[in-house]
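K.L.:
Got a sequence here, can you model it:
(chains A and B)
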Amino acid sequence: DAMVIQNPRYQVTQFGKPVTLSCSQTLNHNVMYWYQQKSSQAPKLLFHYYDKDFNNEADTPDNFQSRRPNTSFCFLDIRSPGLGDAAMYLCATSRSWGAVTEAFFGQGTRLTVV
Amino acid sequence: DAKTTQPNSMESNEEEPVHLPCNHSTISGTDYIHWYRQLPSQGPEYVIHGLTSNVNNRMASLAIAEDRKSSTLILHRATLRDAAVYYCILKAAGNKLTFGGGTRVLVKP
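P.N.:
Numbering: from 1, shown residues only, chains lettered A, B, ... in the order given. Presented below is the predicted three-dimensional model:
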């Protein structure tokens, strides 16, 4: 059974039109992450939540925002998508910040900007 | 975050072992060595982790050098389903999971 679920798997949006990607988890994990992965590159961390505490990476553009209304759900909002934001967006969870804690990833949402 | 260095790609024949090296010369005493892999069009998945001793699980083995400055992920019998990008990541408590370049493994039938 899927434990980290991302919807939709594929999203097409227009240049400049706000878009929201969603992630849900059934693991009751404290930490949720959003990564951006461009073609042939490694995943790049955008931000993460520890419970309700939000932590933004220093180089994450302001165009990217996130919401976590409860433990199970987390959203990635792209306010004005540009062509350069086309990528796979990955959501992940982990129980804690421990050094041995395993992260669980969703299947990703592939975003196309037209 | 301490960095890791991996070869860009490796090829293997099906049912043969694959040894994936990772260098981490700046590893700190509290860093665990984690491996994840990412199959095509999938999110990454956890493979194995270790601190000092060699580790085995159903997916792979992890051999860690005595000085901990390098490690090797061993896939004992590669199958076509093992074709993926394998990431070696150092993680300490309180730190994020940060991906480096990874090694793309091609398995030939």
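
K.L.:
use CA for all of it now, contacts and neighbours both
P.N.:
Fine.

K.L.:
Can you give me the distance of B:Ser53 to B:Arg77?
P.N.:
22 Å (CA to CA, to the nearest Å).

K.L.:
Looking at these two, which one has more neighbours?
P.N.:
B:Arg77 (15 against 12; other CA atoms under 10 Å in any protein chain shown).

K.L.:
My read is that the more buried one contacts B:Glu14, right?
P.N.:
Yes. Applying CA atoms under 8 Å as the test, B:Arg77 and B:Glu14 come out as touching, 7.1 Å apart.

K.L.:
In contact with B:Pro21, which residues?
P.N.:
B:Gln6, B:Pro7, B:Ser70, B:Ser71, B:Thr72, B:Leu73 (CA atoms under 8 Å, 6 or more residues apart in numbering or on different chains).

K.L.:
Of these, which belong to strands?
P.N.:
Using DSSP state E, B:Ser70, B:Ser71, B:Thr72, B:Leu73 are the members of these that sit in strands.

K.L.:
For chain B, what lies in contact range of chain A?
P.N.:
B:31-32, B:41-46, B:49, B:91-96, B:98-102 (CA under 8 Å from any CA of the partner chain).

K.L.:
filter these to the buried ones?
P.N.:
Buried by 16 or more other CA atoms under 10 Å in any protein chain shown: B:31-32, B:42-46, B:49, B:91-92, B:96, B:98-102, out of those.

K.L.:
which non-adjacent residue is nearest the closest residue to chain B within chain A?
P.N.:
As assessed by CA to the nearest CA, chain B sits closest to A:Ala99 within chain A, at 4.0 Å. On the basis of CA to CA, 6 or more residues apart in numbering or on different chains, the spatially nearest residue to A:Ala99 that is not a chain neighbour turns out to be B:Ala93, at 4.0 Å.
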